[in-house]
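Trainee: Following is a predicted model, sequence given first.
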Amino acid sequence: MGCGSCGTGTPNGCKSNGGCSTGGCNRLNVHDWLLNLPFSDPESSCKVVEVSFKNGSRKDYFRNNTLQYFEKGDYVTVEGVGGFDVGEVSLTGELVRMQMKKKAVEEFSPEMKKILRKSSDRDIETFKISKAREQEMLSRSRAVARTLNLQMKLSEIEVQADGKKGTFFYTADDRVDFRELIKIFAGDFKLKVEMRQIGIRQEAAKVGGIGSCGRELCCSTWLNDFKSVNTTAARYQNLSINQTKLSGQCGRLKCCLNYELDTYLDALQQFPDYADQLDTVMGTAQLIKKDIFKNLMWYILPNNSKHYPLTIQRVKEIKRLNQAGTKVDELQAVEVVSGKAKEVEPAFVDVVGQISLKSLERNDRRRRDQDRSNDRRPENRDQRGPRDGNREGNRNQQQQGQGQGPRGPQQNRGPQQGGPRGPQQQQGQRPPQENRGPGQGQGNQGPRGPQQNRGPQQGGPRGPQQQQGQQGPRGPRPQGPPRDQQNRGPQQQGPRGPRPPQGPNTNPPQTPPPAPPPTEGS
């Protein structure tokens, strides 16, 4: 059986292999300090053994009429109600007499039950089966109590090892009529039912827990005698009457308020009595606190929030003057010096200008350079294709508005044969062109862009092109800087090669042809 409060399974202190005083393995443990002491008369040794049930929740005494010696931690089979029960030996030897005397139990009482034998494997198996029913029975019994609208709280159920008897522990503020409840329990659980009422502190001892001090509850580990606790104990110890801080897990005042009460009462005997008020010229001083550790009494004056610590001798002197009818001019408070070293606050330091931001500026500059390099990459330029496509579409719309259709990019065009052309007029002034047949006087041409389905072209010199929808010749166009694919000179016609696939931004830069010489109009 390992200790529940350590990970190794064996406590490091007493080496009792599971019987440590923390109560992690068994509650209300007692260390047998008389175990290894020799006795002159072994026949006079105590024949009573203390046995604990349900991990120390209940303890009882049984007579050992067998010749077998039991040690602490052994499982024994004892007499029960209409059957047998299984418990764990918690204490043996001479120390059992002291515990029986403390609890007023008669050692040679004829009503004391006996130990039958050391528990066998079959007894322990039956004991585990009965204990496995307790949790399910507790849930069922609470549901039945709620159904009957009984003002009671079931806290624990203890089933006998043979499963013939069950003890139901409950708490209630008033008297409860549970006759109908017992009939339902007996019919559902098929055992003898015993209802036992316990106090709220006994319930906390059975449930267990951790107190505000960080240790296990005293009632679960060693305390079994519950004394009354009131707020007077807190006032003697100069504690604030805060119900939340002074209450334990049971909802009552903490039992530990009585632990140091006697020490405080002894220390308060040297303080003067009836010194709650002191008459001074500035008014009546009221007592607010007694410090038994520094032997000081703290007073406060009316219309003033300052506290005045006075020594016991000064309070006695002022009280003697007040009895003589004299009011003191001042209280002569003492200066309370703390033994704790005062922490020195750090002085203000001006660090303006000492923090360098060059690293941040360098990171920003590097980030900007990286963004620029990303913009210059070809894939980034391809991402701007829709914008360039919109620009080309706008240009085609402009050409359509001027009388020209959209012209695709012309690449690697071969020389065209024919006479010199006349001066081309401005864009948007061409006459409408009819559908022409295959070109005459021209070489083999490859596939063309949007300028297909032309009519037959005659070789030889062309006349000046007239405006769309107008008749008559016009004069030569003034010379100026050539435009892209406009004002072209005579081109030689010849075979064309296959045009490369057209894609976004794949047109190589085209050099404009030389300007044609001026010719006379026909």
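Mentor: Done, it's in. Residues are numbered from 1 along each chain as shown.
Trainee: can you map out the helices along the stretch 1-150 of the chain?
Mentor: For the stretch 1-150 of the chain, the helices identified by DSSP state H, counting those that start in this stretch occupy 95-102, 121-132, 134-147, in order along the chain.
Trainee: Need the nearest residue in space to residue 203, chain neighbours excluded.
Mentor: Distances taken as C-beta to C-beta, 6 or more residues apart in numbering put residue 155 closest to residue 203, at 4.6 Å, once the chain neighbours are dropped. C-betas here are computed from N, CA, C, even on glycine.
Trainee: Surely that neighbour is within a helix?
Mentor: No. According to DSSP: H, G, I helix; E, B strand; the rest coil, residue 155 belongs to no helix; its state is strand.
Trainee: Distance-wise, check it relative to residue 44.
Mentor: 42 Å (C-beta to C-beta, to the nearest Å).
Trainee: Specify which residue of the two has the higher count of neighbours.
Mentor: Taking other C-beta atoms under 10 Å, residue 155 and residue 44 do not tie; residue 155 has more neighbours (18 against 9).
Trainee: Assess the claim that that one and residue 170 are in contact.
Mentor: Yes. Residue 155 is in contact with residue 170 according to C-beta atoms under 8 Å; the separation is 6.4 Å.
Trainee: hey, what's in contact with both of these two?
Mentor: Shared contacts of residue 155 and residue 170, defined by C-beta atoms under 8 Å, 6 or more residues apart in numbering, are found at residue 198.
Trainee: Contact partners for the residue nearest to residue 203?
Mentor: 169-171, 198, 203, 206-207.
Trainee: ok, 10 Å please
Mentor: 138, 142, 168-171, 198, 200, 202-204, 206-207 (C-beta atoms under 10 Å, 6 or more residues apart in numbering).
Trainee: and what of residue 329?
Mentor: Here residue 329 is in contact with 280-282 (C-beta under 10 Å, 6+ apart).
Trainee: if we can go back for a sec, lowest mean pLDDT across the helices of the stretch 1-150 of the chain, which one is that?
Mentor: For these, mean pLDDT drops lowest on helix 95-102, to a mean of 87.
Trainee: Send me that helix as PDB with only the CA atoms.
Mentor: This file holds the C-alpha atoms of helix 95-102, laid out as PDB (Å, rounded to 0.1, in the frame of the first residue of the first chain):
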ATOM      1  CA  LEU A  95      -0.700   2.200  23.000                       C
ATOM      2  CA  VAL A  96      -4.200   0.800  22.400                       C
ATOM      3  CA  ARG A  97      -4.900   1.000  26.200                       C
ATOM      4  CA  MET A  98      -4.100   4.700  26.100                       C
ATOM      5  CA  GLN A  99      -6.500   5.300  23.200                       C
ATOM      6  CA  MET A 100      -9.300   3.300  24.900                       C
ATOM      7  CA  LYS A 101      -8.800   5.300  28.100                       C
ATOM      8  CA  LYS A 102      -9.000   8.600  26.100                       C
END
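Trainee: quick one: contacts of that helix?
Mentor: By C-beta under 10 Å, 6+ apart, helix 95-102 touches 30-35, 45-50, 59, 61, 90-91, 105-107, 109, 112, 224-225.
Trainee: Make sure residue 192 is actually in contact with residue 168.
Mentor: No. At 11.1 Å, residue 192 and residue 168 do not qualify as touching, with contact defined as C-beta atoms under 10 Å.
Trainee: intersection of neighbour lists for those two?
Mentor: 182, 185.
Trainee: So those two - more neighbours on which side?
Mentor: Set residue 192 next to residue 168 and count neighbours by other C-beta under 10 Å: residue 168 wins out with 24 against 16.
Trainee: so that one bridges to which residues?
Mentor: residue 157, residue 195 (DSSP bridges).
Trainee: could you redo the helices of the stretch 1-150 of the chain as CSV and give each row distance to residue 275 and mean neighbour count?
Mentor: As requested, those are exported to CSV (distance: least, C-beta to C-beta, whole Å; neighbours: other C-beta atoms under 10 Å):
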stretch, distance to residue 275, mean neighbour count
helix 95-102, 42, 15
helix 121-132, 61, 14
helix 134-147, 56, 14
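Trainee: Quick one: closest of those helices to residue 162.
Mentor: helix 121-132 (6.4 Å; C-beta to C-beta).
Trainee: which other residues reach the closest one?
Mentor: 54, 75-77, 83-87, 116-117, 119-120, 158-166, 191.
Trainee: Spell out for me the PyMOL command that would select the buried members of those.
Mentor: A single PyMOL command selects the buried members of these (16 or more other C-beta atoms under 10 Å):
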select buried, resi 54+75+76+77+84+85+86+87+116+119+158+159+160+161+162+163+164+165+166+191
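Trainee: wait, isn't residue 156 in contact with residue 142?
Mentor: No. Taking C-beta under 10 Å as the definition, residue 156 is not a contact partner of residue 142, at 11.4 Å.
Trainee: Give me the common contacts of these two.
Mentor: Shared contacts of residue 156 and residue 142, counting by C-beta under 10 Å, 6+ apart, come down to residue 170.
Trainee: Contacts for stretch 257-277 next, please.
Mentor: Identification of contacts with stretch 257-277 by C-beta under 10 Å, 6+ apart yields 218, 227-234, 236-239, 246, 248, 284-288, 290-293, 295-297, 299, 310, 312-313, 315-316, 318-320, 322.
Trainee: Give me the subset of the residues you listed lying in helices.
Mentor: 218, 231-234, 236, 246, 312-313, 315-316, 318-320, 322 (DSSP state H).
Trainee: Quick one: which of those residues is the most crowded by neighbours?
Mentor: For the ones in helices among the contacts of stretch 257-277, neighbours tallied by other C-beta under 10 Å; top is residue 318, 23 neighbours.
Trainee: Pretty sure that one sits against residue 285.
Mentor: Yes. Residue 318 lies in contact with residue 285 (C-beta under 10 Å); the separation is 8.5 Å.
Trainee: what do those two both touch?
Mentor: What both residue 318 and residue 285 touch, as defined by C-beta under 10 Å, 6+ apart, is the set 275, 278-279, 299, 310, 328, 331.
Trainee: Now do the same contact list for residue 330.
Mentor: The contact partners of residue 330, by C-beta under 10 Å, 6+ apart, come to 280-282, 308.
Trainee: Could you pick out the buried ones from the residues you listed?
Mentor: Using 16+ other C-beta under 10 Å, the buried ones in the contacts of residue 330 are 280, 308.
Trainee: Redo the contacts of residue 330 as a markdown table? Include secondary structure and distance to residue 257.
Mentor: Putting the contacts of residue 330 into a markdown table (DSSP: H, G, I helix; E, B strand; the rest coil; distance: C-beta to C-beta, whole Å) gives the following:
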| residue | secondary structure | distance to residue 257 |
| --- | --- | --- |
| 280 | strand | 35 |
| 281 | coil | 40 |
| 282 | coil | 37 |
| 308 | strand | 29 |
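Trainee: what's the most distant pair in the contacts of residue 330?
Mentor: Top of the distance list for those (C-beta to C-beta): 281 and 308, 13.9 Å.
Trainee: contacting residues for residue 334?
Mentor: Residue 334 touches 294, 296, 308-311, 314, counting by C-beta under 10 Å, 6+ apart.
Trainee: for it, helix, strand, or coil?
Mentor: Under three-state DSSP, residue 334 comes out as coil.
Trainee: just residue 342 next, same as before
Mentor: Quick answer, by three-state DSSP: residue 342 is coil.
Trainee: Same question for the one 5 residues further on.
Mentor: Three-state assignment for residue 347 (three-state DSSP): coil.
Trainee: Helix, strand, or coil at residue 204?
Mentor: Following three-state DSSP, we place residue 204 in the helix state.
Trainee: wait, what's in contact with it?
Mentor: Contacts for residue 204 (C-beta under 10 Å, 6+ apart) come out as 155, 217-220, 248-252.
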